[in-house]
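Q: Give the three-dimensional model of this entry:
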Amino acid sequence: MAVNRSNPPTTASESRGSFSGFESLLRLESAKAQGTQREPGTGEAVLYLRVSTQRQMRTAMDIDPDGNSIATQREATRKRAKRLKAPIAKEFVEPGHSAQSIAKRPVFRELLHYLEEHPEVGYVIIYMRSRVFRNQTDAAITKRILASMDVKLISAKEEFGEGYMADAMEAITDIVNEVQVRQSGEDISNKMLHKAKNGGTTGRAKLGYLNVRKDVEGHLVNGIAVDPKRAPLVTWAFEQYATGEYSLMRLQKELADQGFTPRRTAKWEEKAVSRSQIALILRDPYYLGMVTYKGEVYPGRHAALVTPEIFERVQHVLNVRVQRNQRDMIHNHFLRGMLRCARCHAAGRDHPLVYSRVKNSAGNAYEYFLCKGRQEGVCDLPHLPVDLVEEALAHEVQALQLAPDVVATMREQVMISLDRRLDSERESHARIKKELADLNLKEERLLDVAADGTMTSAKVRTRLSKIQVQRASLTRRLEEMDSYLRQETDTLLGYLDVLERPGSFYAAADDVVKRKLIAAYFSRIWLDDDGHRIMPNLEQQELVAELETSARKTTRRAKSTKRSLGASRDLGEVPDFLALCLNKTDLVHPTGLEPVASCSGGKRSIH
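A: A predicted model of the protein is given here:
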């Protein structure tokens, strides 16, 4: 078979072990001879106590003589340390890690690091070898590592003696333990498979069900019952998602509002079910009355919470959204989340308009906005077709247009104002630059004093640090003066640009830009329907409202006085929209057409 030499087999090499990973074990030349033992009282001891589950952490010693509790293991290992005349230096407890390998037990690795740093420790005392090692390989590796540190592993409940026969007995014990572990695992796996084939649930009851004890012919047996609190919500979730009108995010929120939570346990608190958990529920055939074990599905004995038809529709919705890379989001619209219900607003409620897209039996799609209050039964606003909503808002955008001559006048006023304010800032610039020059001179003098040795170095450093802070502050003020004025001017000019021809700009924009334009023009949008047309009730962004007001005043002045732009310059008037934002420092640059919300002033609405 031909081998491609140009591409090294990295995958194969990464999947295999390497000799270098075990070389350190083979070269533990400092390992003590097998069978050696410290004299009693010549070394300290550490205890390693381990249980496989958290429940065993809370088991009392008096009801657990088999070593399945920490208390039982602690008593036995302490007695063994006393027999060895070894003071206990530290106790290591592995709390509920059921890992089959010692490499996956963090506390055991911590113990080995402790031994490296404490050569006075001569013993590691465990309860039984079966509590620590699940296979003979781990036991052999651990024994070699401990031997290299002159540390002996002692089992409190097992006496092996000394010499090569003791080593052989330890190895045989480890082999027998590994065989028992494997046999037990295989036996449990077979029992679980048999239970699944017979329709039994192979674990804790899933959300929507309860673990119960049932009386069958006089015997109490484990069974599964429907949870009367959560099962109806699981069914409701399947039914709503099957309509295609819900996203996982919306479904999770509404389920949380209805109190859909997992059962409280010692490990998990009772909190809202997450979106990822809901996704798993919607995919799980368990709610169809089936049991899954190792990839195979079997008919279950528990009651189904959903019908096959609903379950198949849910799977179809999930698959379609994955194929379209929608990440389970409902069909989007650029106005989604920006519209509110005018009728609810008038009644003192605040309800958003929800975007929906549905198909009829013929495959025709219909898009509309629906008041969330209507879904809750408190609002009678009808469905608002998306095309009529878009048309109404486009008309409102067009109504914002300012006359070209007014825009030209306002642009020139902006530039005149900028020039004047830059002139007024020149004095401040000069003052700051003089302060910077003074700081440079002070710094030079301090360096000369430090060189002469007439001042302690600590005082010199303190004063130099203070000068550096002052210099940084002045430099930042100098840079921010011009940038703030330019930013303010760019913001105003940007709005004038989009208000000169808002309708054509809006019509030619894609959905992303349209959404930004709407957000830049209006802070709130309420919609109503009088039976004939969509009626928007709009709250303009504050700066847009001020620009519109200033434009009207400019138009009235031009008609009444016929003054030229030059005469206006001579009078030194400051335009109203500039006065609005004077001395503000948090204007937003119009890049991306973000809404400006920094200017103060009364809010206006267009009816």
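Q: what are the C-alpha coordinates of stretch 386-401, in CSV please?
A: Backbone C-alpha positions of stretch 386-401 (Å, rounded to 0.1, in the frame of the first residue of the first chain) are rendered in CSV as follows:
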residue,chain,number,x,y,z
VAL,A,386,-45.3,44.1,7.8
ASP,A,387,-45.5,45.8,4.4
LEU,A,388,-48.0,48.4,5.7
VAL,A,389,-45.8,49.0,8.8
GLU,A,390,-42.7,49.5,6.6
GLU,A,391,-44.6,51.9,4.3
ALA,A,392,-45.9,54.0,7.2
LEU,A,393,-42.5,54.4,8.8
ALA,A,394,-40.9,55.2,5.4
HIS,A,395,-43.5,58.0,5.1
GLU,A,396,-42.5,59.3,8.6
VAL,A,397,-38.8,59.3,7.6
GLN,A,398,-39.5,61.2,4.5
ALA,A,399,-41.4,63.8,6.6
LEU,A,400,-38.2,64.7,8.4
GLN,A,401,-36.6,66.2,5.3
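Q: mind listing the strands in the stretch 51-200 of the chain by residue range?
A: Using DSSP state E, counting those that start in this stretch, the strands of the stretch 51-200 of the chain run over 88-95, 121-126, 152-155.
Q: Now do the phi/psi pair for A399.
A: Main-chain torsions, A399, degrees, to the nearest 10: phi -70, psi -10.
Q: same deal with Y521?
A: Main-chain torsions, Y521, degrees, to the nearest 10: phi -80, psi -40.
Q: Could you do A458 as well?
A: Torsion angles, degrees, to the nearest 10, at A458: phi -60, psi -40.
Q: How about S274?
A: Residue torsions, per degrees, to the nearest 10, at S274 are phi -80, psi 170.
Q: any idea how far V226 lies from E309?
A: In this view, V226 and E309 are 20 Å apart by CB to CB, to the nearest Å. (Each C-beta comes from the backbone N, C-alpha and C, glycine too.)
Q: whoops, I mixed them up, V320
A: On the measure of CB to CB, V320 and E309 end up 17 Å apart.
Q: mind checking which of the strands of the stretch 51-200 of the chain is nearest R556?
A: Checking the strands of the stretch 51-200 of the chain against R556 by CB to CB gives strand 88-95 as the closest, at 80.4 Å.
Q: Can you lay out the strands of the stretch 51-200 of the chain as CSV showing mean neighbour count and distance to S189?
A: CSV is the format used below for the strands of the stretch 51-200 of the chain (neighbours: other CB atoms under 10 Å; distance: least, CB to CB, whole Å):
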stretch, mean neighbour count, distance to S189
strand 88-95, 16, 25
strand 121-126, 23, 28
strand 152-155, 20, 29
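Q: Just the buried residues of stretch 528-546, please?
A: For stretch 528-546, the neighbour count (16 or more other CB atoms under 10 Å) marks 528-529, 534, 536-538, 540-546 as buried.
Q: Let's see which of those end up in strands.
A: Using DSSP state E, the members of the buried residues of stretch 528-546 that fall in strands are 528-529, 534, 536-538, 540.
Q: Quick check: the two most widely separated of those residues?
A: Within these, D529 and Q540 form the most distant pair, 21.9 Å apart (CB to CB).
Q: care to break the protein down by domain?
A: 28-184, 209-323, 340-398, 404-606 (automatic domain parsing).
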